[in-house]
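Trainee: sequence first, predicted coordinates after that:
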Amino acid sequence: MSKFISIEAIARRYPGKPGSPPTTIFDDLWLSLDRGEFGCVIGHSGCGKTTILNILAGLDAPSEGEVIVDGQAISGTSLDRAVIFQSHALLPWRTVLGNVAFAVSSKWPKWTRSQVAAHAGSFIDLVGLSGSEHKRPSELSGGMKQRVGIARALSITPKILLMDEPFSALDALTRGTLQDEVRRICLETGQTSLLITHDVDEAIYLADKIFLMTNGPGAVLAEVVANPLPKDRTRVDLHRHPDYYPMRNHIVDFLVTRSRTFRDTVPDHDPRKVPVVSPRASVNAPFPNPAAAAVLS
Ligand SMILES: Nc1ncnc2c1ncn2[C@@H]1O[C@H](COP(=O)(O)OP(=O)(O)OP(=O)(O)O)[C@@H](O)[C@H]1O
């Protein structure tokens, strides 16, 4: 079965200094997601996470390779692919309703004003901002601004939702609440999503698949972690699940050690056949324990 999102052999290179070869951020990168899946890319600063997201959004183009979404190679930006940035990028002169309505009328230019307002209003409601429709961004908290960004992205019913560290500028309480909201909405609507984060717990809570990137330049997708935790997990009971610590330890171990040493320790890594692992609790086994990471394919 073909994948809903298929990143195929992409590379991103930047010109080097005069007389030097180009810098390769990554090359021959393959990554895929099924429809309705929530993926998370995690890796150290500079490994190319934002570059991957920008390529998927069409804000950047790969130096080589292509990206297929729903059976079609992408080219440039599209209202099929919505992005939520760390900085919400709202139009400051427009109200909450005006910001969301702007996106809605871009997608459906023939809709009447009242159709646009009703549709935008339902997404403002979805993110819990009813009553604030007529406020301008300067009157909103950081969390509320990010809610507007989420409502705006979801209101155009995109095929894929792309998020670049959308919660990282928020305080812990607001971050947790918005993670809950995004998870609820994505599960309810079957939204295919890709999130960039540095936060291991955020990835474990939200993602079905976590893509582990090695350090750049020359980063590679080393492993895909298939989340073994139940779908009905909640943020508060996450750490009580027996598979939580094996999985968390596996990812932290990767980020602390293997992301640096991967190139030397796995010289025959095949970027087209990236191992999918699902770290689980294993009785009497110290961690890290290779046996705890069941290789699924
Ligand atoms: N226009 C550019 N010219 C040259 N190099 C660039 C350009 N844009 C990005 N880079 C380099 O590409 C690499 C990957 O950048 P990217 O922002 O994708 O990393 P990241 O993993 O998202 O980092 P962070 O976690 O810090 O956001 C970095 O080393 C960056 O310096």
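Mentor: Yep, that arrived. Residues are numbered from 1 along each chain as shown.

Trainee: for the residue of the stretch 51-200 of the chain found nearest the ligand, helix, strand, or coil?
Mentor: Nearest residue of the stretch 51-200 of the chain to the ligand (C-beta to the nearest ligand atom) works out as Thr51 at 3.4 Å. In this view, the C-beta of every residue, glycine as well, is placed from N, C-alpha and C. Classification of Thr51 using DSSP: H, G, I helix; E, B strand; the rest coil returns helix.

Trainee: distance of it relative to Leu29?
Mentor: Note on Thr51: its distance to Leu29, by C-beta to C-beta, to the nearest Å, is 10 Å.

Trainee: over to Gly58?
Mentor: For Gly58, the distance to Leu29 - C-beta to C-beta - is 17 Å.

Trainee: again, but for Ser106
Mentor: For Ser106, the distance to Leu29 - C-beta to C-beta - is 31 Å.

Trainee: who has more neighbours, the two?
Mentor: Leu29 (26 against 10; other C-beta atoms under 10 Å).

Trainee: list the contacts of the residue most central in space within the chain.
Mentor: The residue lying closest to the centre of the chain (C-alpha atoms, centre = their mean) is Leu195, at 1.1 Å. For Leu195, the contacting residues are 38-41, 163, 166, 202-203, 206-207, by C-beta atoms under 8 Å, 6 or more residues apart in numbering.

Trainee: will you turn these into a markdown table that also has neighbour count and pLDDT?
Mentor: Supplementary listing: the contacts of Leu195 in a markdown table, determined by neighbours: other C-beta atoms under 10 Å; pLDDT from 0 to 100:
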| residue | neighbour count | pLDDT |
| --- | --- | --- |
| Phe38 | 23 | 97 |
| Gly39 | 23 | 97 |
| Cys40 | 26 | 98 |
| Val41 | 24 | 97 |
| Met163 | 24 | 95 |
| Pro166 | 27 | 90 |
| Glu202 | 22 | 95 |
| Ala203 | 26 | 96 |
| Leu206 | 25 | 97 |
| Ala207 | 24 | 97 |
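
Trainee: which of those residues sits closest to Asp264?
Mentor: Set against Asp264, the nearest of these by C-beta to C-beta is Val41 (22.7 Å).

Trainee: return the residues of the stretch 51-200 of the chain in contact with the ligand.
Mentor: Counting by C-beta under 6 Å from any ligand atom, the stretch 51-200 of the chain comes close to the ligand at Thr51.

Trainee: where along the stretch 51-200 of the chain do the strands fall?
Mentor: 64-69, 72-73, 81-84, 160-164, 192-197 (DSSP state E, counting those that start in this stretch).
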